[in-house]
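Novice: Model the structure of this input:
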Amino acid sequence: MSHPEIPVPFCNKCAFEINSIFKHLTKDEADELNYLKEFRVFKKGAVLYQEGSRISGFYCINKGIIKVFKTGPDGKEQIIRFAKPGDIIAYRSVLSNEPACTTAKVLEEAYTCFFPSEILSTLVKKNPNFALDLVKLICEELGEANSYIIDIAQKTVRERLAEVLLKLVADFGIDENNQLKISLTREELANIVGTATESVIRLLSEFKSDRLVDLSGRKIIILNLKGLEKLSNF
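Specialist: This is a model prediction of the structure:
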């Protein structure tokens, strides 16, 4: 569904602006994407798709932040990643023709383009540069998953929290006041680190006492990047 009040991005222009995987498409392929896609706007808290559901396509993020997570038997979330402008999500389920293995929920109002499943396999077959970028993307996400397994097994919760903060800085940046440009609840931070919310609250207080960060409600201000790097063994 298009939204007349919001300009719908053109794939051949948007792909370069937000550095998406579609930047290597030919003009004809970009025109086909524009013709087939649905431009969708999601408010904060909206769910794009749920774990276990059948999905008929995948999304490219034009604006906003989307939380991608799995849910454990006890109902606790394990956050896999935060999708930001330029990222695509749900593509692995499309490629494998399997139900969605994650849930995607909007953290900040999101502008997205939804593409039907068929276009992905068509582009992989016809465009070698696109196929190579897709393979690189899959390898990158697999590498991150492997690193997370090692972190869980070998790092303390304190080290993992420091590493998560560094990754958030790398992915989303900090403003002129050194404040993280993504706002997360303590529970969400805990769901990335893989620990209890109480542990994250306690450790953030320790980080504040150690002058590594400052806290203002949900906002986290980074005071000492080098100190976090040393602590995290990142």
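
Novice: Look up the closest residue to Ile66, ignoring the ones flanking it.
Specialist: Ala83 (4.3 Å; Cβ to Cβ, 6 or more residues apart in numbering). Glycine gets a C-beta too; all of them are placed from N, C-alpha and C.

Novice: Give me the distance between the one you found and Phe207.
Specialist: 26 Å (Cβ to Cβ, to the nearest Å).

Novice: Check Asn178 too.
Specialist: 14 Å.

Novice: higher neighbour count, those two?
Specialist: It is Phe207, of Asn178 and Phe207, that has more neighbours when counted by other Cβ atoms under 10 Å, with 24 against 15.

Novice: quick one, what contacts the more buried one?
Specialist: 161-162, 213 (Cβ atoms under 8 Å, 6 or more residues apart in numbering).

Novice: hmm, back to that, let me know how buried the residue nearest to Ile66 is, in neighbour terms.
Specialist: Residues near Ala83, counting by other Cβ under 10 Å: 24.

Novice: hang on, the earlier thing: tell me which of the contacts of Phe207 is nearest to Asp133?
Specialist: Ala162 (31.3 Å; Cβ to Cβ).

Novice: Can you list the buried residues in stretch 102-115?
Specialist: Neighbour counts over stretch 102-115 (16 or more other Cβ atoms under 10 Å) mark 102-108, 110-115 as buried.

Novice: Dump the C-alpha coordinates for it into PDB.
Specialist: C-alpha atoms of stretch 102-115 as PDB (Å, rounded to 0.1, in the frame of the first residue of the first chain):
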ATOM      1  CA  THR A 102      12.400 -14.800  13.300                       C
ATOM      2  CA  THR A 103      10.000 -12.000  14.200                       C
ATOM      3  CA  ALA A 104      10.400  -8.500  13.000                       C
ATOM      4  CA  LYS A 105       9.100  -5.600  15.100                       C
ATOM      5  CA  VAL A 106       9.400  -1.800  14.500                       C
ATOM      6  CA  LEU A 107      11.500   0.200  17.000                       C
ATOM      7  CA  GLU A 108      11.300   3.500  15.100                       C
ATOM      8  CA  GLU A 109       8.700   4.300  12.400                       C
ATOM      9  CA  ALA A 110       9.800   2.400   9.300                       C
ATOM     10  CA  TYR A 111       9.500   3.000   5.600                       C
ATOM     11  CA  THR A 112       9.900  -0.300   3.800                       C
ATOM     12  CA  CYS A 113       9.600  -1.800   0.400                       C
ATOM     13  CA  PHE A 114       8.100  -5.300   0.200                       C
ATOM     14  CA  PHE A 115       9.200  -7.500  -2.700                       C
END
